[in-house]
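1. Would you be able to build a 3D model of this:
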Amino acid sequence: MTGVLWRTWADTHRARPRRTAAPTETAEVAASVRSAAEEGLRVRMVGAGHSFTDIAVTDGLMLSPSGLTALRSVDPGAGTVTVEAGLPLCDLNDRLAERGLALANMGDIAVQTVAGAVQTGTHGTGRDSGGLAGQVVGMELVLADGSVVECSAEREPALFQAARVGMGAFGVVTALTLAVRPAFLLHAREEPMPLEEVLERLPELRADNAHFEFYWFPHTGNTNTKRNNISDGPVRPLSAFRAWLDDDFLSNRVFEYTNRLCRRLPSLIPAVNQVSSRALSPRTYTDVSHAVFTSVRDVRFVEMEYAVPAEHLADVLREARSIVDRGGHRVSFPVEVRFAPADDVWLSTAYGRDTAYVAVHVYQGMPYAAYFADLEAVFASVGGRPHWGKIHTRDRAYLEGVYPRLEEALEVRERVDPRHRFGNAYLDRVLG
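-> Numbers count the residues shown, from 1 in each chain. As a prediction, this is how the structure comes out:
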């Protein structure tokens, strides 16, 4: 197909590629890559469009993974599954649950494709378990010459380490082998807590909970905290009414209309945040892991997220609060804070260090550039690493200073894609 307009979920970027294709097997992907090379076209595989950057944009050949959704194999003994690139995470969760299996950790949105989430460094929050890429134990990729390669820690290890969070720069990911574990329950405890109390108690809150996160409401000193821990049961989900009230009506419908009002009358935002943060009531429930990890997010927004060394988090948040309190910005969305242990994935935001993630959001259609720029300067001052799929202004010169293995990854790229067939404007900026 030609002339198709593609856009990101938040409409931050659009593309009108020369050609599009939706291959249904790896051989078709390889043929498409070879055909694009003959025409001199660059190639990008898109996912669900949930990145806010132009990471997936191309004016060449845009591949859709919508036909690559098979669960190829399940090996309960080895604790692995092999899944094709285009399967949405929510569908993977269901298929794993049918077999008594689950991912050890995941983010709070599950509509992304498996490959898209892994390639951009998607993560949840965890004391012992990190991002999705850390759960990948094998990959199948189509390289720039159209060849198909399988890589793992034992087979093509340098390619594996570079391409796990590879942004599609090393090849088209067609399948991934993921480590999984027996299905488990999580007990969730959510409650408001003053920001300063959270910051003072961070060592305890992180050490005592398998999964801890919190949301700070700008223009206030208030947060909502969430602690998830493995439970023996029994299952005690939220009542249907409470789930609808909190997670559908308040968190999506009311929040949508409130943000529309605040977009028209930004002066109301501080007062609205005070009311919203104080209206939250504690709740506890126990459910299957993926139902606790994930949420429905219907309200559209623009997001920037940085991974900062965990030991700098308190200072970073206090400075962020000071910037907001000085009155230059009106921010209706909470700031989300999560954690991950150090991992060994070369281009993971948690590579080699205990990490805190700070995600800032702005309602779609409201100005965000100045707010993001002020906080980005704070994040960069402590060596923060931007989420590859979320708004940022960093380039290769900066990234070389915060990714110790970036040069090695780029050497792998030159070996497998010397003409940068899988490049685009975004990768030209961050990788050169």
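
2. Isn't residue 332 up against residue 264?
-> No - between residue 332 and residue 264 there is no contact under Cβ atoms under 8 Å: 11.6 Å. No exception for glycine: its C-beta is placed from N, CA and C like everyone else's.

3. quick one: which of the two has more around it?
-> For residue 332 versus residue 264, the count of surrounding residues by other Cβ atoms under 10 Å is larger for residue 332: 25 against 8.

4. what about the more buried one, which SS state?
-> Secondary structure, DSSP: H, G, I helix; E, B strand; the rest coil: residue 332 is coil.

5. who's in contact with it?
-> Contact analysis of residue 332 by Cβ atoms under 8 Å, 6 or more residues apart in numbering lists 258-259, 262, 269, 272-273, 362-363, 366.

6. And the pLDDT at it?
-> The model reports residue 332 with a pLDDT of 96.

7. What of the one 5 residues further on?
-> We have a pLDDT of 98 for residue 337.

8. Tell me who's in contact with it.
-> Contacts for residue 337 were tallied using Cβ under 8 Å, 6+ apart; they are 213-216, 313, 317, 356-359.

9. In helices, which of these appear?
-> In helices, defined here by DSSP state H, the members of those are 313, 317.

10. Show the buried residues in the contacts of residue 337.
-> Using 16 or more other Cβ atoms under 10 Å as the burial test, the contacts of residue 337 include 213-216, 313, 317, 356-359 as buried.

11. that older thread, of the contacts of residue 332, which is the nearest to residue 119?
-> Nearest to residue 119 among those, counting by Cβ to Cβ, is residue 362 at 24.6 Å.

12. Can you tell me the SS state at that closest one?
-> strand.

13. Quick check: closest non-adjacent residue to it.
-> Counting by Cβ to Cβ, 6 or more residues apart in numbering, residue 368 is the residue found nearest to residue 362 once chain neighbours are left out, at 3.8 Å.

14. burial of the one you found, as a residue count?
-> With other Cβ under 10 Å as criterion, residue 368 counts 22.

15. show me what contacts it?
-> Residues in contact with residue 368 (Cβ under 8 Å, 6+ apart) are 302, 304, 362, 391.

16. Residue 331 now?
-> Residues near residue 331 by Cβ under 8 Å, 6+ apart: 218-219, 269, 273, 324, 360, 362, 371.

17. Can you report phi and psi for residue 152?
-> The phi/psi pair for residue 152 (degrees, to the nearest 10) reads phi -160, psi -170.

18. was I right about it contacting residue 136?
-> No - assessed by Cβ under 8 Å, residue 152 is found out of contact with residue 136, at 9.0 Å.

19. ranges for the strands of the stretch 51-200 of the chain?
-> Per DSSP state E, counting those that start in this stretch, the stretch 51-200 of the chain carries strands over the ranges 61-63, 71-75, 80-84, 101-102, 136-142, 148-152, 172-179, 181-182, 185-194.

20. on that earlier part again, would you reformat the contacts of residue 368 as a markdown table and include neighbour count?
-> Output for those, formatted as a markdown table (neighbours: other Cβ atoms under 10 Å):
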| residue | neighbour count |
| --- | --- |
| 302 | 23 |
| 304 | 24 |
| 362 | 24 |
| 391 | 21 |
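
21. Take those and lay them out in JSON lines including secondary structure and pLDDT.
-> Converted to JSON lines, these look like this (DSSP: H, G, I helix; E, B strand; the rest coil; pLDDT from 0 to 100):
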{"residue": "302", "secondary structure": "strand", "pLDDT": "97"}
{"residue": "304", "secondary structure": "strand", "pLDDT": "98"}
{"residue": "362", "secondary structure": "strand", "pLDDT": "97"}
{"residue": "391", "secondary structure": "coil", "pLDDT": "98"}
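
22. Excluding sequence neighbours, find me the nearest residue to residue 32.
-> residue 21 (5.2 Å).

23. Report the contact partners of that neighbour.
-> Residue 21 touches 1, 28, 32, 61-64, counting by Cβ under 8 Å, 6+ apart.

24. again, only using 7 Å
-> Applying Cβ atoms under 7 Å, 6 or more residues apart in numbering to residue 21 gives the contacts 32, 61, 63.

25. so what pLDDT did it get?
-> pLDDT, residue 21: 95.

26. can you give me the helices for the stretch 201-350 of the chain?
-> For the stretch 201-350 of the chain, the helices defined by DSSP state H, counting those that start in this stretch cover 202-207, 240-243, 255-264, 269-279, 289-293, 313-325.

27. Out of the ones you listed, which is the most enclosed?
-> For those, average neighbour numbers computed from mean count of other Cβ atoms under 10 Å are highest in helix 289-293, which has a mean of 22.

28. Output that helix as CSV - backbone C-alpha positions only.
-> Extracted in CSV, the C-alpha atoms of helix 289-293 (Å, rounded to 0.1, in the frame of the first residue of the first chain):
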residue,chain,number,x,y,z
SER,A,289,-0.5,-10.4,38.5
HIS,A,290,-1.2,-8.8,35.1
ALA,A,291,-4.5,-7.4,36.4
VAL,A,292,-2.7,-5.6,39.2
PHE,A,293,0.3,-4.5,37.1
